[in-house]
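> just coords:
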């Protein structure tokens with residue numbers, strides 16, 4: 001469907017990029033919920049780690065397969081380029 005009607009992503013400068021090193025995914029009957037968190041590695045070493053939520057995203061179930069596919073393709077391309085650089 002995306003090929004039939006290309007969508008131009010418009011960057012909103014007011015939305016800041018946020019780093020996350022932990023992701024939690026849950027589903028409800030209506031949507032898939034993705035919670036991005038930040039865990040301090042020093043806390044893990046002390047055994048008191050907690051995951052601070054930095055972003056919460058809800059997407060419709062109809063978008064999950066396309067999202068997973070896009071992540072997989074992007075990661076495979078990244079790994080291919082990385083292995084080519086290491087040769």
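Arrived safely. This structure is a prediction, so every number in the text was calculated from the model and none was measured. Numbers count the residues shown, from 1 in each chain.

> start and end of stretch 21-38, how far apart?
Using CA to CA, to the nearest Å, one end of stretch 21-38 lies 5 Å from the other.

> list the contacts of the worst-scoring helix or strand of the chain on mean pLDDT.
Every helix and strand in the chain was compared by mean pLDDT, DSSP states H and E; the lowest is helix 41-46, with a mean of 78. Surrounding helix 41-46, the residues in contact under the criterion CB atoms under 8 Å, 6 or more residues apart in numbering are 49, 50. Heads up, the C-betas are built off the backbone N, CA and C, glycines and all.

> beyond it, next helix or strand please.
strand 52-60 (DSSP states H and E).

> I'd like to know which elements that next one is packed against.
On a contact count with 3 or more CB pairs under 8 Å, 6 or more residues apart in numbering; DSSP states H and E, strand 52-60 meets strand 31-38.

> at 10 Å instead, please
Based on contacts counted as 3 or more CB pairs under 10 Å, 6 or more residues apart in numbering; DSSP states H and E, the elements that strand 52-60 packs against are strand 22-27, strand 31-38, helix 61-85.
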